[in-house]
Structure formats: structure tokens, C-alpha cells
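Participant: next input, structure requested:
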Amino acid sequence: MSATPQPAPQPSHAVGDSTVVQIILAVALGHLLNDLMQSLIPAAYPLLKDNLALSFSQIGLITFVFQGTASVLQPLVGLYTDRRPLPYAMAAGMASTGLGLVLLARADSFGMVLMSVAFIGLGSSIFHPEASRIARLAAGMRPGFAQSLFQVGGNAGSALGPLAAAFVVMQRGQLSIEWFAAVALAGMALLWGVGRWYVAVGAARALARKSRAHAAVPLPPATVRFGMILLILLMLSKFVYSVSLSSYYTFYLIEQYGLSVGQSQLCLFIFLASVAVGTMIGGPIGDRIGRRRVILWSILGILPLTLTVPWLPLIPSVIAVSLAGLILASAFPAMVVY
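Facilitator: Here you go, the predicted structure:
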């Protein structure tokens, strides 16, 4: 009697092919909470400037310390977690951010402000590499969709920051900043659950992805180096543009158009919301028409808008800045996927 044929075993890389939408949504929500807390820093600049009699140079130094700890440390964290994944580190990053907010709320000197934003930046540098890696693991065969959703979570959080500053911090004062430490606690609980998923399932997906990567034909090292340098320069230019606007746009609107602090915060919200929309549509568009085209369009598209902003009345100026933010952000998912 012939033996019953056994079903063929599934290839090992199939483990990582399915898209785990729930995990992507959870990480995107964590990104929203993280960037909401971070965006309170530039949104609260007018209040801090008045309370502590800060100069614009000191505002710039606060931004430098925050962005330095938030960005310079990220590659080091990413390099370490690539070798030794730390899925629960995302929750630890949230704890650091929450501590920074409490310190910022009670800061009565310029030095204490610098220390508080360093803790917030440290939390960001811990959160982002691991969160981005887990979002990519959960993406399966839809990396553009996953990175777009992950990035739009962060941009949405950044957009909500000015609203939180306008309706809470500016109304209740500097001490109310510590209320947002509750957001950090919620983020810790959420991301602890994501870490448990990685321990249970994600590690196997990572192993399958690594096996598939080893089976692929590697690119020449010179090509990889050139591509990485080019992407770093492009990301640097885009972040300089967006961070400069986030830090000083409210002051520009107050000085140039005579807006109140609350009105300038709403304009900043419009800009950051446009960045979120650009990120959301950039991933699917890149999957459809090609990521190189999206990156090229994002570079060329913002140039005329940026050059015309200083010569425009208020409403057209806000529209131009918002369109520039949308176009600029459309390339972020493509760059991250590359």
C-alpha cells in the first residue's frame, strides 16, 4: 500500500512574509505618543523664552542639545540592537522621556532646561531604532505601507504637540508640562506588549528575514557605501529644514504678521499636520511609482515654495509652508525603506 503523500514543508522565509497590522498599529501609536511628548519642547519655546528670559541663541542651543541626543545616539543604539535586540527598550525610552517632561515642567534655569531636553532626546534615541525595526519585521511583504504608517504616527504626534501647548501649556503654565508624563506611562504599557510579541513571534521572523537576506545577491560594498552616504545627506537636509521650521516658525509668525502665541501654534499645527499627510501618502505612492521618483520630487517640489514664502501675505504663506511640508515628508518612508 502506497504511503500517504505528506504536504510539502513551507519555506522558512514564509514566516516573515505576512503583515501583522496590529503590531504595526501599536508601534505607530507608540510613535505618536513619543513624538507628541517631544514636540512639546519647540511648541513651548515662547513660554520658556518669556519665563526664563532666554535669547534666540539659547533657544538654538536647547534645540541643539535635544536634537543631538535624539539623533546622534540613534545609530549607536541601532548598531547595538541589531546585534542584541532589546524589545523592552522602547518602554525604557518612554520612561526617560517622561522623566524629562517632569524636569522641564519644573525647570527654573537654562541649565535645567538643557538637562531635561537631554533626557527627552535620550528617550527618543532609544525608542526609534527598535520601534522602526519591529515595524519592519511586522511589515512582511508590505514595507512601504508599514513604514508609512509608522512614520505618520510620529508626524501626527508632532502635529498634536502645538495643539497641546496652545490649549494646555499656554493656558495652565509651565508646570502643566508634567501632566504629559501620563502619556509616557500609557506608552510604556503599550510598548511592553509589543516587546512581548517580539519575544514570542518576532525573533523567528527576524531569523527568517536574515536567512533570506543571506540568500540574496549582495550589492558591492562601494555601492552600499555610496547609497548610505547619499541617503544620510538627503535625510540631514530634510531634517534641517523641518527642525528649523518647527523651532522658529512660531517666532517668525509672531514677528512678521503680529499673531498671538496661540495663533502661531495653530499655524505650526497646520504645517506639522501636512507633514503627517505627506508621510502617509508617500509610502503607498513610492510602492506604486518607485521610491526614487518620490525622493526626487520631494527635493525639487519644495524649492519654489520655500523661495516665495517671505514675500507672501499670511494665508498664502501658511499654505505654501504646509505644501512644502507635505512634499518634503513624502520621501521619508522611501528613504527609511531604502
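Participant: can we go C-alpha only for contacts and neighbour counts from here?
Facilitator: Fine.
Participant: pLDDT weak spots in the stretch 201-338 of the chain?
Facilitator: Low-confidence segments of the stretch 201-338 of the chain, defined by pLDDT under 70: 202-219, 287, 333-334, 336-338.
Participant: okay, helices next: where are they in it?
Facilitator: Per DSSP state H, counting those that start in this stretch, the stretch 201-338 of the chain carries helices over the ranges 203-215, 221-257, 261-289, 291-308, 314-329, 332-337.
Participant: of all the ones you listed, which lies closest to residue 163?
Facilitator: Closest approach to residue 163 among the helices of the stretch 201-338 of the chain (C-alpha to C-alpha): helix 261-289, 6.6 Å.
Participant: now the angle between helix 314-329 and the closest one, please.
Facilitator: Orientation check (axes from the mean of the first three to the mean of the last three C-alpha atoms, to 10 degrees): helix 261-289 against helix 314-329 gives 40 degrees.
Participant: how close does residue 30 get to residue 225?
Facilitator: Per C-alpha to C-alpha, to the nearest Å, residue 30 is found 32 Å from residue 225.
Participant: next, format the helices of the stretch 201-338 of the chain as CSV and append distance to residue 122 and mean neighbour count.
Facilitator: Below are the helices of the stretch 201-338 of the chain laid out as CSV (distance: least, C-alpha to C-alpha, whole Å; neighbours: other C-alpha atoms under 10 Å):
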stretch, distance to residue 122, mean neighbour count
helix 203-215, 25, 15
helix 221-257, 17, 15
helix 261-289, 22, 23
helix 291-308, 29, 16
helix 314-329, 24, 21
helix 332-337, 21, 23
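Participant: hang on, residue 65 packs against residue 116?
Facilitator: No: at 9.9 Å, residue 65 does not count as touching residue 116 under the criterion of C-alpha atoms under 8 Å.
Participant: between these two, who's got more neighbours?
Facilitator: Higher neighbour count among residue 65 and residue 116: residue 116, with 28 against 19, using other C-alpha atoms under 10 Å.
Participant: mind putting the helices of the stretch 201-338 of the chain into CSV with distance to residue 73?
Facilitator: Compiled in CSV, the helices of the stretch 201-338 of the chain are given as follows (distance: least, C-alpha to C-alpha, whole Å):
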stretch, distance to residue 73
helix 203-215, 23
helix 221-257, 15
helix 261-289, 24
helix 291-308, 25
helix 314-329, 22
helix 332-337, 17
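Participant: out of the ones you listed, which gets nearest to residue 169?
Facilitator: Nearest to residue 169, of all the helices of the stretch 201-338 of the chain, is helix 261-289, at 10.5 Å by C-alpha to C-alpha.
Participant: the closest one to helix 291-308, inter-axis angle?
Facilitator: Using the same axes, to 10 degrees, helix 261-289 lies at 150 degrees relative to helix 291-308.
Participant: who are the packing partners of helix 261-289?
Facilitator: In terms of contacts (3 or more C-alpha pairs under 8 Å, 6 or more residues apart in numbering; DSSP states H and E), helix 261-289 is packed against helix 143-164, helix 221-257, helix 291-308, helix 314-329, helix 332-337.
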